[in-house]
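Peer 1: got a predicted structure plus its sequence, pasted below:
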Amino acid sequence: MRVSTAGMNTQMIGQALRVQSSYAEALTQQSSGVKSESLSGLDGQAGAAVGLTADIARSEHLAAQAETATGQLEVAYATVGSIGDLVQDMLTKITAAISATGDGSTLQASAQNALDNIASLLNTKYAGSYLFSGGATTTQPVDTAADYSDTAYYQGGSGLRTVMLDGGASISYGINADDAAFADTLAALQTLAATSDPDTATLQSAFDTLSTSVSGLGTIQETLSNQTDALNAVIDSQTDFQLYAGEMLDSLTTVDVATASATASQREVLLEASFAALASLKSVSVLNYL
C-alpha cells in the first residue's frame, strides 16, 4: 500500500502556524501587559471595554468640574471672611465715634476705604472667573461707579453657577454680589462715606445695619461650606466609580504578566515541537512505506 505524506505535511504546517500565532500573541501580552492591541482581539468584550472607557472619561470630567468648583468656593469663603473683617473694623470705629472716644473726623475716610475694598473683593476673579457674578462668570459683578443705595450696582447673572451631574441633575453653588448681606453693607458704608459729620442717629443706623450684615456674612460662609461638602461628596463618589470601573476595564483588557510569561514559555515549547515534527516529516521518504 502506498502512503502519501502530503496531507499530513499540510496538517502539520497549519498546526505550526497556529502555534506560532498564539506564541506571538503571548509574547505581545507579556511585553505590553494587555490582552490585545486592538479591540478586535477582545472577542465579545470589545463593546463592554468601549463603554467602560467612555464612562470613566465622563466621570473624570465631572470630578474635574467639581474640583474646580470647590477651588472657587474656597476662595469665595476666604473673600467673605475678609469682607467680614472690614465690617468688624468699621463697627469698632463707629462704636468709638458714638461714644466720642474715637476720632470722628477719620470715620468718613475709613468708610470710603472699606467701601472701596469690599467692592473690590466682590469683584474677585479666580481662574478667569468672577466668583460673585453667578452664571455670568465673565461679567464683573459690581459696578464701582454705581449708587449702592440699591442692588442696581450688580451686573452679574440672576442665578448661581452649576455643576452638571449624570442624568440631567445639577448642583448649584456660589453666592452672588447682590446678596442682602453685601447690599446692606455697601449701602451703609456709602452713607457714612458721604457724611463728613454724621449724627448719632446716622451712626447708630449704620451700626445696626452692619451688625446684621456680620450675621448675614456668617450665614453666607456656612452656605459656601455646605456647598463645598456637597461637591466633595460628588468627587468622592466619582473617584470610587473610577476605581471600580477601572478594575473592570483592566479585567477585560489586561493580563497578568507572570501568567503571560508562563503561557509564552509553554507555547514556545509547543512551537519548537511543531517545527521538529515538520523537520522529521520532511526527512521521511515515501519509499520507506512501500
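Peer 2: Okay, I see it.
Peer 1: which of the helices or strands spans the closest residue to residue 198 other than its chain neighbours?
Peer 2: Excluding the flanking residues, the one nearest residue 198 by C-beta to C-beta, 6 or more residues apart in numbering is residue 192, at 6.2 Å. (Each C-beta comes from the backbone N, C-alpha and C, glycine too.) Here residue 192 sits within helix 180-193, counting by DSSP states H and E.
Peer 1: thinking again about what came up before, which residues touch the residue nearest to residue 198?
Peer 2: By C-beta atoms under 8 Å, 6 or more residues apart in numbering, the residues touching residue 192 are 90, 94, 107-108, 111, 198, 202-203, 206.
Peer 1: ok, residue 71 - how many residues close by?
Peer 2: 14 (other C-beta atoms under 10 Å).
Peer 1: what's the distance between the closest residue to residue 188 other than its chain neighbours and residue 136?
Peer 2: The shortest distance from residue 188 to any non-neighbouring residue, by C-beta to C-beta, 6+ apart, is to residue 209 (4.2 Å). Note on residue 209: its distance to residue 136, by C-beta to C-beta, to the nearest Å, is 27 Å.
Peer 1: go on, residue 96?
Peer 2: Distance, residue 96 to residue 136, by C-beta to C-beta: 40 Å.
Peer 1: those two - which one has more neighbours?
Peer 2: Neighbour totals were compared for residue 96 and residue 136, and residue 136 leads with 17 against 14 (other C-beta under 10 Å).
Peer 1: was I right about residue 150 contacting residue 183?
Peer 2: Yes - using C-beta atoms under 8 Å, residue 150 makes contact with residue 183 at a distance of 7.5 Å.
Peer 1: okay, the two: which has more neighbours?
Peer 2: Between residue 150 and residue 183, residue 183 has the larger neighbour count (other C-beta under 10 Å), namely 19 against 12.
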